[in-house]
Structures are given as structure tokens and as C-alpha cells.
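In: Output the structure for:
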Amino acid sequence: MRNTTTNITIRQLTAADSVAVNRLAELESTGAPTGPMLGAEVEGTLLAAISIPSGTIVADPFSRTAEIADLLEVRVAQLRKRAIPTRGRMLRRRSATAPASPGNLVGLHPRAS
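Out: Below is the predicted model:
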């Protein structure tokens, strides 16, 4: 029986990865994504990259990368959700570090109680 397990590493890309990202863009005959990016590597080779702000993806068209691209999209969605705290999250975080009086909770008027 053949082992079909593949380890995929998703990590934030740095300037040192620009050559690999540009190679992927050339393979797809498109421009490279800009801004902060995440990349997916298999066995040390970058197979796909995604721009965190725009969601633009480049991937190796000669490899099976559809599922890898999906993983990158899911991870970017998680990062975006974490970066924009909801009002409830801000209230809980603030109330955990400050006395629980109405004047110290973010977004509540002191006479709201």
C-alpha cells in the first residue's frame, strides 16, 4: 500500500521568498501578489502563495494545488477574522483587565446601567 500523506507547511512569506513567488507568477503567466503573504510548501518547495490583504493566489499549475490554495484561503480568512475584533470581544478583553464598572467598559455610556 502506498503512503499518500503529504506534509504541507503554511507560513508567512518574507522578502527572501520573492524569487519563489515570482517563479509561481511566471508559471501562471500573471503578476505576483503584493503585500504580506502566506505560502504553502511541500517538501521545502513553495507551491502556492496568497496575498493576505487582497486574497490573490498564485500556484504551480503543474502540481495538484487546488486543495493547497483552499487551505491558504481558509487560513487568510482566519487571520482576517482575528484582526478585526468584534465589539463583544473588545468588551470582554477590556473588562478582564479593568474593574468592571460601566465607565471602564469600552463603548458603554457611564449611565447605561
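In: helices and strands of this structure: which one bottoms out on pLDDT?
Out: helix 87-97 (a mean of 52; mean pLDDT, DSSP states H and E).
In: Go through the host helix or strand of Glu73 and flag the buried ones.
Out: Assigned by DSSP states H and E, Glu73 falls within helix 66-83. For helix 66-83, the neighbour count (16 or more other CB atoms under 10 Å) marks Ile68, Ala69, Leu71, Leu72, Arg75, Val76 as buried. Heads up, the C-betas are built off the backbone N, CA and C, glycines and all.
In: any chance of these in TSV, plus pLDDT?
Out: Putting the buried residues of helix 66-83 into TSV (pLDDT from 0 to 100) gives the following:
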residue	pLDDT
Ile68	96
Ala69	96
Leu71	96
Leu72	97
Arg75	95
Val76	95
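In: got a markdown table for the residues you listed, with distance to Ala48 too?
Out: Formatted as a markdown table, the buried residues of helix 66-83 follow (distance: CB to CB, whole Å):
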| residue | distance to Ala48 |
| --- | --- |
| Ile68 | 5 |
| Ala69 | 5 |
| Leu71 | 9 |
| Leu72 | 6 |
| Arg75 | 11 |
| Val76 | 12 |
